[in-house]
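# A predicted structure for the sequence below; I have some questions about it.
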Amino acid sequence: MVEDEPISALIAAKALSDNFITHHVSSGQEALDFCDQKLPDIILMDINMPVMDGLTACRKLKDNDNTQEIPIIFVSSHNSPEAEDECWEAGCTDFITKPFSVTTLRHRVNSHLAAKLMSDKLKRLATVDGLTDVQNRHYFDGFLADQMKLCTRLKHHIGLILIDIDNFKLYNDTYGHIKGDECLRQVASTLRTVLKRPTDCLARYGGEEFAVVLPHTDARGVEHIANSMLSAIRALNLPHKLSSLSRVTISAGGICVSPQNLSQIALIQKADQNLYSAKDAGRDQFVVA
C-alpha cells in the first residue's frame, strides 16, 4: 500500500489482513525503493503524495522489466473522468474511489491477483521445460539474444556451454524411456545446483542436450562451471552398463567471447564444435575455447 494518509492505509490493511501480508509506504519513491528489495504481488496506490506522486511512480514501475507485470490499483479521492484517464494512461490495472467499500476492495484485489496468478502460470508453461523443470529452448533463444546485446553494450564477456549426456540412446534402449526421463530430470537438477548466480541460465536445448548461458563471465569462469558440472554428474554415480565408464556422464563444449560483431548462431556453432571435440576425445570431459 502506497498511501500518505495513515488512516486510509490502516483501513485497507485491516480489510486485507485475513488473506494477505501487507506493507505500507508513504510515497511513490518509497514504493520504488521497496520494489527494488522485494516484489509485491499487487500495489494499492494513492495519487497525491509527497516526494513522488502515484502517477509518476506507476509510470516508473511500468517502465521497469522487473515490476511492469505487478497489478497497480489506484485508490484515490479524485473521482473525475480526467483523473481516472490519467491513471489508465499511467498504466494502472484498476481504480477505486475513496471512501471505498471494504467488500469491494477485497473483491477487486482477489480478482486481479487471480488473473495475475493465471498469467504467471501460463508464462511459466511457455518458458519452462515440462520434463526437467529448467528453462526451455524458446526461453534460451530469447535470453541469449538479450544477454549478448547487454554484454556488447557493457563490453563484457559472455560464456556459453552446450552439454550432451553421453550415450543416452543406449541408456534409453537399456533401461527404457521412463528411466530415461528420470535420468534427464536428475541430470538437469544436478546441473542447476552448480549455478549460483541469478543471472546464469540453464535450459534444455533439445533431447538429451542442455545449454548454459553465463553473462559477464571470463574464460576461467566458464571452465570452472564446466568442470564443476562434470564432477557433479560423476558424483551422481547413475549406473549405465553400456557406457565405457559404467555410469552416466556428460560432455561439454564451451565458448567465452566478447560478442561484438558475432551472431547468436555463430556463438552456438562454436560451442557445438567444442562439444563434438570433447566427445571425439573420449567423452566425460569438456573443451572450452
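Perfect, I can see it now. Numbering: from 1, shown residues only.
# need the longest helix for this protein.
helix 102-127 (DSSP state H).
# buried ones in it?
By neighbour count with 16 or more other Cβ atoms under 10 Å, helix 102-127 contains the buried residues Leu105, Arg106, Arg108, Val109, His112, Lys116, Thr127. Glycine gets a C-beta too; all of them are placed from N, C-alpha and C.
# among those, which two are most distant?
Leu105 and Thr127 (32.8 Å; Cβ to Cβ).
# tally of neighbours for Asn79?
Residues near Asn79, counting by other Cβ atoms under 10 Å, number 10.
# what distance do you get for it to Ala12?
As judged by Cβ to Cβ, to the nearest Å, Asn79 and Ala12 stand 17 Å apart.
# repeat for Val248
For Val248, the distance to Ala12 (Cβ to Cβ) stands at 55 Å.
# do the same with Ser26
Between Ser26 and Ala12 the computed distance is 13 Å (Cβ to Cβ).
# overlap in contacts, the two.
Common neighbours of Ser26 and Ala12 (criterion: Cβ atoms under 8 Å, 6 or more residues apart in numbering): Glu3.
# tell me which of those two has more neighbours.
Using other Cβ under 10 Å as the criterion, Ser26 and Ala12 rank with Ala12 on top: 23 against 18.
# how near is the closest residue to the more buried one other than its chain neighbours to Ala15?
Excluding the flanking residues, the one nearest Ala12 by Cβ to Cβ, 6 or more residues apart in numbering is Met1, at 5.5 Å. Going from Met1 to Ala15 by Cβ to Cβ gives 10 Å.
# now do the domain split for this protein, please.
6-122, 137-288 (automatic domain parsing).
# by mean pLDDT, show me the worst of the ones you listed.
Across the domains of the chain, domain 6-122 has the smallest mean pLDDT, namely a mean of 92.
# tell me the most buried of the domains of the chain?
Most buried of the domains of the chain, by mean neighbour count (mean count of other Cβ atoms under 10 Å): domain 137-288, with a mean of 18.
# from start to finish, how long is that domain in a straight line?
Start to finish, the residues bounding domain 137-288 are 22 Å apart (Cα to Cα, to the nearest Å).
# how about stretch 49-67?
Note: stretch 49-67 ends 20 Å apart using Cα to Cα.
# which other residues reach it?
With Cβ under 8 Å, 6+ apart, stretch 49-67 has contacts from 2-4, 26-32, 35, 39, 43, 45-48, 68, 70, 72, 74, 76, 86-87, 90-92.
# can you name the next helix or strand after the longest helix of the chain?
helix 137-154 (DSSP states H and E).
# helices or strands up against the very next helix or strand once past that following helix?
As assigned by DSSP H and E, the chain's next helix or strand after helix 137-154 is strand 158-165. Under the contact definition 3 or more Cβ pairs under 8 Å, 6 or more residues apart in numbering; DSSP states H and E, strand 158-165 sits against helix 137-154, helix 177-194, strand 209-215, helix 219-236, strand 250-257, helix 264-280.
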